[in-house]
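S.K.: got a structure for you, letters missing:
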């Protein structure tokens with residue numbers, strides 16, 4: 001049940017102990033995600049398959065009824081991989097994709113420089129682990145993990161920066177358009193900055209050789225990300241798909257035409273949002289046209305104004321006839337936004353499960369009716385794995401405080417207050433005294449009411465005036481006592497700052513490079529071995 005913290009397992013693996021707890025306990029997840037994890041009835045109309053083996057079974061059955069162009073997919077993948085030394089596990093999985101009993105488990109993410117935040121790594125390892133798990137549970141079928149690269153995203157402000165040791169590093173470039181198509185020029189300055197800090201670490205040289213070969217020798221961000229992901233995960237058989245290819249978008253022409261000329265996706269998703277918004281905050285709102293025009297260094301939003309289609313951030317204006325011809329002749333020049341991206345993904349891939357973060361899950365829950373309309377199978381939605389990594393130096397400091405693992409997710413001030421109350425030799429809690437005063441005034445109120453009911457309000461006013469000073473005194477007692485615990489205060493705030501940078505989850509801020517510099521590829525192995533499949537739990541990894 002939500003709110004119930006449970007340690008599902010404690011075990012030693014290499015140098016780490018793993019503990020799992022409920023997502024609700026962290027306080028970092030929205031109501032729509034918590035309700036989804038709880039199988040709330042309010043969300044049941046908005047997804048197809050429960051997160052279970054039975055849900056997988058039903059997703060497979062639905063996928064078998066849909067004709068996926070597997071030859072097109074594998075042909076495109078083979079062409080895409082010509083620029084790399086194709087590893088045997090990846091090649092084997094590509095061959096499996098030609099079989100009718102092979103299905104994919106997919107995650108998607110934009111090509112943020114140097115992978116962006118840690119959860120990029122977690123998502124990929126989750127699909128790898130889940131595909132392996134399903135292969136054991138359904139031996140008559142095959143399952144291939146896929147990373148679907150959202151290289152057409154143009155949000156450079158988000159994708160062009162990373163955080164290292166609480167410092168924001170930004171890629172200074174004047175390029176525009178799809179980030180995946182941007183040249184890597186200018187990244188050498190960031191690489192030099194990173195090298196200066198991490199080259200002295202045990203695996204620092206190995207890390208920097210990897211980063212230099214992937215980013216400084218690639219023609220664009222898309223290729224650089226492709227190289228890095230392949231270098232980290234090809235040994236697990238991960239297949240990377242870059243959908244920015246003309247032949248992969250051609251099957252979507254009817255849908256894109258529906259969007260441009262008739263606004264069908266807008267109408268369908270708007271109806272779904274109307275139902276969801278009565279209880280939840282909407283994650284993504286559809287536009288009348290949900291496509292961008294993608295060409296060279298331009299990714300401009302398409303908007304219909306009267307009878308013409310205008311491309312924002314450009315001087316391009318097309319008539320209905322012209323834009324229809326452009327779509328049929330060059331489907332690659334049309335880039336879907338978040339409303340249509342998943343439909344493209346599920347049309348290309350024989351997919352049964354999509355692993356995504358909280359925000360992704362929330363907008364996917366808006367799309368079920370859209371999939372039904374176009375008769376494309378809707379995948380099982382699996383919340384990606386989350387980790388909190390506690391290195392040995394912080395594990396030792398944490399032990400000094402006596403805090404439990406669930407306590408870590410409380411605000412620093414609350415943690416410190418709890419510590420002071422626990423360690424202090426003085427009485428700091430006036431709950432008993434306040435309770436006695438409350439009972440006293442309740443007794444007086446009964447006496448007064450028996451004489452004149454209107455006197456009850458007068459007694460309540462007296463009670464409020466009497467209790468307020470006691471509550472203020474309680475705060476002053478705690479404040480005075482906290483001055484005796486200056487060292488403990490510094491320790492609590494240092495732990496929180498290190499493990500929850502900027503009061504956020506570690507995985508949403510930190511990058512993988514400091515961990516790789518310390519542990520090398522063992523870092524991926526640790527995460528892989530501790531990744532869950534369908535359990536949907538938050539994982540704390542402690543170095544011991």
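M.R.: Cool, the structure landed. Fair warning: this is a prediction, and the values are worked out from it, not measured in the lab. Numbers count the residues shown, from 1 in each chain.
S.K.: can you map out the strands along the stretch 151-300 of the chain?
M.R.: For the stretch 151-300 of the chain, applying DSSP state E, counting those that start in this stretch gives strands covering 161-164, 167-170, 239-241, 291-295, 298-305.
S.K.: again with the stretch 401-544 of the chain
M.R.: 538-543.
S.K.: could the strands of the stretch 151-300 of the chain go into JSON lines alongside distance to residue 279 and mean pLDDT?
M.R.: Where C-beta positions appear, they are placed from N, C-alpha and C, glycine not excepted. Below are the strands of the stretch 151-300 of the chain laid out as JSON lines (distance: least, Cβ to Cβ, whole Å; pLDDT from 0 to 100):
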{"stretch": "strand 161-164", "distance to residue 279": "34", "mean pLDDT": "95"}
{"stretch": "strand 167-170", "distance to residue 279": "36", "mean pLDDT": "94"}
{"stretch": "strand 239-241", "distance to residue 279": "35", "mean pLDDT": "98"}
{"stretch": "strand 291-295", "distance to residue 279": "30", "mean pLDDT": "97"}
{"stretch": "strand 298-305", "distance to residue 279": "30", "mean pLDDT": "97"}
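S.K.: next, give phi and psi for the most centrally placed residue in the chain.
M.R.: Nearest to the mean C-alpha position of the chain, by Cα atoms, centre = their mean, lies residue 357 at 2.8 Å. Reported as degrees, to the nearest 10, the phi and psi values for residue 357 are phi -80, psi -180.
S.K.: the residue of the chain positioned farthest from its centre and residue 439, how far apart?
M.R.: Seen from the C-alpha centroid of the chain, the residue lying at the greatest distance (Cα atoms, centre = their mean) is residue 451, 63.2 Å away. Plainly put, residue 451 is 20 Å away from residue 439 if you go by Cβ to Cβ, to the nearest Å.
S.K.: and for residue 65?
M.R.: 68 Å.
S.K.: same deal with residue 371?
M.R.: 60 Å.
S.K.: out of the two, which sits in the more crowded spot?
M.R.: residue 371 (19 against 10; other Cβ atoms under 10 Å).
S.K.: the helix or strand that one falls within: which residues count as buried?
M.R.: Per DSSP states H and E, residue 371 falls inside helix 368-373. Residues 368, 370-371, 373 are the ones in helix 368-373 that count as buried (16 or more other Cβ atoms under 10 Å).
S.K.: and if you look at stretch 309-324?
M.R.: 309-311, 316, 318, 323-324.
S.K.: and of these, the nearest to residue 289?
M.R.: Nearest to residue 289, judged by Cβ to Cβ, of the buried residues of stretch 309-324 is residue 309 at 7.6 Å.
S.K.: okay, now the closest residue to residue 511 other than its chain neighbours: neighbour count?
M.R.: Distances taken as Cβ to Cβ, 6 or more residues apart in numbering place residue 162 nearest to residue 511, at 4.8 Å, with adjacent residues excluded. Neighbour count for residue 162, taken as other Cβ under 10 Å: 23.
S.K.: surely residue 162 touches residue 113?
M.R.: Yes. Using Cβ atoms under 8 Å, residue 162 makes contact with residue 113 at a distance of 6.2 Å.
S.K.: next, the distance between the ends of stretch 281-289.
M.R.: 22 Å (Cα to Cα, to the nearest Å).
S.K.: mind giving me the domain ranges of this protein?
M.R.: 11-248+342-384+511-543, 392-503 (automatic domain parsing).
S.K.: minimum distance to residue 284: which of those domains has it?
M.R.: Going by Cβ to Cβ, the one of the domains of the chain nearest residue 284 is domain 11-248+342-384+511-543, 4.0 Å.
S.K.: hang on, the earlier thing: so the residue nearest to residue 511 bridges to which residues?
M.R.: residue 169 (DSSP bridges).
S.K.: ok, now which ones touch it?
M.R.: Contacts of residue 162 were listed using Cβ atoms under 8 Å, 6 or more residues apart in numbering, and they are 112-114, 116-117, 168-169, 511.
S.K.: now with 7 Å?
M.R.: 113-114, 116, 169, 511 (Cβ atoms under 7 Å, 6 or more residues apart in numbering).
S.K.: determine which two of the residues you listed are furthest apart.
M.R.: 116 and 169, at 11.5 Å, using Cβ to Cβ across these.
S.K.: the two: which is more packed in?
M.R.: Neighbour totals were compared for residue 116 and residue 169, and residue 116 leads with 22 against 17 (other Cβ under 10 Å).
S.K.: how much space between that one and residue 355?
M.R.: From residue 116 to residue 355 the distance is 17 Å (Cβ to Cβ).
S.K.: ditto for residue 242
M.R.: 18 Å.
S.K.: tabulate the buried residues of helix 368-373 in a markdown table, adding columns for pLDDT and distance to residue 24.
M.R.: Output for those, formatted as a markdown table (pLDDT from 0 to 100; distance: Cβ to Cβ, whole Å):
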| residue | pLDDT | distance to residue 24 |
| --- | --- | --- |
| 368 | 98 | 24 |
| 370 | 98 | 29 |
| 371 | 98 | 29 |
| 373 | 98 | 34 |
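S.K.: give me the subset of the buried residues of stretch 309-324 lying in helices.
M.R.: Applying DSSP state H to the buried residues of stretch 309-324, the entries found in helices are 323-324.
S.K.: now, which of the buried residues of stretch 309-324 sits nearest residue 147?
M.R.: residue 311 (29.7 Å).
S.K.: I'd guessed the closest one sits against residue 293; true?
M.R.: Yes. The pair residue 311 and residue 293 passes the contact test of Cβ atoms under 7 Å, sitting 4.4 Å apart.
S.K.: overlap in contacts of those two?
M.R.: Going by Cβ under 7 Å, 6+ apart, residues that sit against residue 311 and also against residue 293 are 300, 302.
S.K.: so residue 345 touches residue 149, yeah?
M.R.: No. In this structure residue 345 lies outside contact range of residue 149 using Cβ under 7 Å: 10.6 Å.
S.K.: can you get me a residue count around residue 100?
M.R.: 11.
S.K.: my error: substitute residue 43 in the last question.
M.R.: Neighbour tally, residue 43, other Cβ under 10 Å: 18.
S.K.: what sits against it?
M.R.: 35-36, 365.
S.K.: relative to residue 199, which of these is nearest.
M.R.: residue 36 (43.5 Å).
S.K.: and the residue nearest to the closest one when sequence neighbours are not counted, what pLDDT?
M.R.: In space, and not counting its chain neighbours, residue 36 is closest to residue 43: 5.5 Å by Cβ to Cβ, 6+ apart. Residue 43 carries a pLDDT value of 97.
S.K.: residue 516 too?
M.R.: 97.
S.K.: what about residue 58, distance to residue 51?
M.R.: When Cβ to Cβ is the yardstick, residue 58 and residue 51 sit 12 Å from each other.
S.K.: quick one, which of those two is more surrounded?
M.R.: Neighbour totals were compared for residue 58 and residue 51, and residue 51 leads with 20 against 16 (other Cβ under 10 Å).
S.K.: so the more buried one, which of the three states?
M.R.: coil (DSSP: H, G, I helix; E, B strand; the rest coil).
S.K.: ditto for residue 352
M.R.: Going by three-state DSSP: residue 352 is strand.
S.K.: which residues sit in contact with it?
M.R.: Taking Cβ under 7 Å, 6+ apart as the test, what residue 352 contacts is 56, 59-60, 63, 103, 105, 379-380.
S.K.: hmm, 8 Å instead?
M.R.: 56, 59-60, 63, 103-105, 143, 377, 379-380.
S.K.: with residue 395 instead?
M.R.: Neighbours of residue 395 in contact, by Cβ under 8 Å, 6+ apart: 542-544.
S.K.: so how do I select the buried members of those in PyMOL?
M.R.: One line in PyMOL is enough to select the buried members of those, burial here meaning 16+ other Cβ under 10 Å:
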select buried, resi 542+543
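S.K.: just the contacts of residue 395: which has the poorest pLDDT?
M.R.: Lowest pLDDT among the contacts of residue 395: residue 544, 84.
S.K.: I am finished for the moment; much appreciated.
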